[in-house]
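[1] Give me a 3D structure for the following:
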Amino acid sequence: MGNPLQVQPGQPRRRLLRAPVAMAALALPVAAAVLAACSGSGGSGGYGSPAQPQSGGGASSGAVTVHDVSGLGQTLVDGSGKTLYYADLEETGTLHCTGDCLGFWFPVTTQDASALSGTPGLATMQRSDNGQQQVTYQGKPLYTFRLDKGPGDAMGNNFGDDFSGQHFTWHAATVGAAAQQPAPTSQSSSGGGDGGYGY
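    From the prediction side, this is the model:
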């Protein structure tokens, strides 16, 4: 029995190369698409495109508890254990995080304000942009941060960014003593509404 890869007399050599060349031609566009998706847009600092606000516009169903977060101490967290934040710009209860800002900072909303009665200082306010009931702590609207991947993360503490010409400095919502975690490098932008994330 002869070698199946051996070219038989009179058989053109190009037939043996046709399948591998076709496979390579198909693989190149797929590889290019994968690389483009992984690399993100230029100057993004690794942040890529902003995530869309979750369905319903909230980071949680309104379950807020106190948890000991490393480097922060007793901190408000949502139902999945994610750290909750407020912005200096919104300390008076006036909303400024709207539009593009909501692609990175997700409002904590609830449909049952009575579920918040366990922690002093928690209440709700109605958002002017979508009418949802956002959870507040001592009058400050609360958010989760896109870069926090799970319980115990606090990437947003002392984080600075800019949206629509306004500068935001974000702080973890701690209960009692102030957070001790050093400030991460802030992202800033001189223009646009992308917060300096570069999408």
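
[2] so what's Gly43 scoring on pLDDT?
    Reported pLDDT at Gly43 in the predicted model: 29.

[3] swap that for Arg15, please
    At Arg15, pLDDT is 50.

[4] Could you do Gly56 as well?
    38.

[5] what's the answer for Lys82, then?
    For Lys82, the pLDDT comes out at 97.

[6] Could you measure from the nearest residue to Ala63 once chain neighbours are set aside over to Gly156?
    Excluding the flanking residues, the one nearest Ala63 by C-beta to C-beta, 6 or more residues apart in numbering is Gly79, at 3.5 Å. (Glycine included, C-beta is placed from N, CA and C.) Using C-beta to C-beta, to the nearest Å, Gly79 is found at 18 Å from Gly156.

[7] so who does Leu89 touch?
    Leu89 is in contact with His96, Cys97, Gln166, His167, Phe168, Thr169, counting by C-beta atoms under 8 Å, 6 or more residues apart in numbering.

[8] in which helix or strand would I find the fifth one?
    Following DSSP states H and E, one finds Phe168 within strand 166-172.

[9] Pull the residues that contact that strand.
    Residues outside strand 166-172 that contact it (C-beta under 8 Å, 6+ apart) are 69, 72, 75-76, 83-89, 96-97, 101, 105, 143, 145, 154, 156-162, 179, 181, 186, 188, 195.

[10] Most neighbours of all the contacts of Leu89, which one?
    For those, the largest neighbour count, defined by other C-beta atoms under 10 Å, is 27 neighbours, found at Cys97.

[11] Tell me who's in contact with it.
    Per C-beta under 8 Å, 6+ apart, neighbours of Cys97: Ala87, Leu89, Glu90, Trp105, Pro107, Pro141, Tyr143, Phe163, Phe168.

[12] ok, Leu95 touching Asp129?
    Yes. Contact criterion C-beta atoms under 8 Å: Leu95 and Asp129 qualify, at 7.2 Å.

[13] quick one, which of these two is more surrounded?
    A count of neighbours by other C-beta under 10 Å puts Leu95 above the other of Leu95 and Asp129, at 17 against 12.

[14] re the thing from before, could you tell me which of the contacts of Cys97 are located in strands?
    The strands, defined by DSSP state E, take in Ala87, Trp105, Pro107, Pro141, Tyr143, Phe163, Phe168 from the contacts of Cys97.
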